[in-house]
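A.B. asks: Need the 3D shape of this:
(2 chains)
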Amino acid sequence: EAGVAQSPRYKIIEKRQSVAFWCNPISGHATLYWYQQILGQGPKLLIQFQNNGVVDDSQLPKDRFSAERLKGVDSTLKIQPAKLEDSAVYLCASSLESVNEQFFGPGTRLTVL
Amino acid sequence: GNSVTQMEGPVTLSEEAFLTINCTYTATGYPSLFWYVQYPGEGLQLLLKATKADDKGSNKGFEATYRKETTSFHLEKGSVQVSDSAVYFCALTLTGTASKLTFGTGTRLQVTL
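C.D. replies: Numbers count the residues shown, from 1 in each chain, chains lettered A, B, ... in the order given. You can find the predicted model right below:
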């Protein structure tokens, strides 16, 4: 069974530029999560989708971050404009609808200069 | 709210030494508890889990017991190997639902020959 796929694996941009990350969850997983992991810290949830609806986006900085999951499968996370403090690893995870075990992708390491 | 506190690292051990990484939690409701491991350059992998009090999760020689009375979920291994060098994260989520993981800050383990 294929795992959670993410791309790109690495991205370097300058502040005030925009960037987008892509995630493809495990087939059949209705729930998709985006986490932000700053160096030296544990991951923190940015947004949770159930199919194509948002369940929790309370920690998403909505003035610059946006995310969508249009067909309930793939998801895109965008940052516009990026700030220095957005440098982090962005992790995507998925799970079955009624189960709390999450499977993580390899992450996208973002560096903002 | 929910929170997880882990012992700070790095933890440096010689091969075949005994490992303990402490984890305590605060939760509203009845959580499930997890240990995730992150090897260099890779995403998070589930190491073990426990979903109710007194459950013991185990995998690859690692063990952790869900202690409700002390709100703890300490990770142990009797004899570590160099290949166990990684960052270990304790985490919790609500039991029985697909909801976000709350992570500790992670503990880096370095095992030397």
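A.B. asks: So what's the residue count around B:Lys68?
C.D. replies: By other CB atoms under 10 Å in any protein chain shown, 12 other residues sit near B:Lys68. In this view, the C-beta of every residue, glycine as well, is placed from N, C-alpha and C.
A.B. asks: er, A:Thr31 actually
C.D. replies: Neighbour count for A:Thr31, taken as other CB under 10 Å: 23.
A.B. asks: can you tell me how far it sits from B:Asp55?
C.D. replies: Distance of A:Thr31 to B:Asp55, given as CB to CB, to the nearest Å: 23 Å.
A.B. asks: Up against chain A, what does chain B have?
C.D. replies: Residues of chain B lying close to chain A by CB under 8 Å from any CB of the partner chain are B:4, B:32, B:36, B:42-46, B:49, B:89, B:91, B:93-101, B:103-106.
A.B. asks: For chain A, which residue gets nearest to chain B?
C.D. replies: Among all residues of chain A, A:Gly42 sits closest to chain B, at 3.1 Å; criterion: CB to the nearest CB.
A.B. asks: Count residues in the vicinity of that residue, would you?
C.D. replies: Using other CB under 10 Å, the number of residues around A:Gly42 comes to 22.
A.B. asks: Three-state assignment for it, please.
C.D. replies: Here A:Gly42 is recorded as coil under DSSP: H, G, I helix; E, B strand; the rest coil.
A.B. asks: ok, now which ones touch the closest residue to A:Lys44 other than its chain neighbours?
C.D. replies: Nearest residue to A:Lys44, sequence neighbours excluded (CB to CB, 6 or more residues apart in numbering or on different chains): A:Gln36, at 5.5 Å. With contact set as CB atoms under 8 Å, 6 or more residues apart in numbering or on different chains, A:Gln36 has these partners: A:43-44, A:46, A:88-91.
A.B. asks: Please state the backbone phi and psi of the residue nearest in space to the middle of chain A?
C.D. replies: Most central in chain A under CA atoms, centre = their mean is A:Trp34, positioned 3.1 Å from the mean C-alpha point. Main-chain torsions, A:Trp34, degrees, to the nearest 10: phi -120, psi 130.
A.B. asks: Can you name the residues bridging to it?
C.D. replies: Taking DSSP bridges as the rule, A:Trp34 bridges to A:Ile47, A:Cys92.
A.B. asks: so what's it up against?
C.D. replies: Going by CB under 8 Å, 6+ apart, A:Trp34 touches A:23, A:45-48, A:67, A:75, A:77, A:90-92.
A.B. asks: So the most centrally placed residue in chain B: helix, strand or coil?
C.D. replies: Chain B has B:Trp35 as the residue nearest its centroid, 3.3 Å off, counting by CA atoms, centre = their mean. Here B:Trp35 is recorded as strand under three-state DSSP.
A.B. asks: mind listing what it touches?
C.D. replies: B:Trp35 neighbours (CB under 8 Å, 6+ apart): B:23, B:46-49, B:57, B:62, B:64, B:73, B:75, B:88-91.
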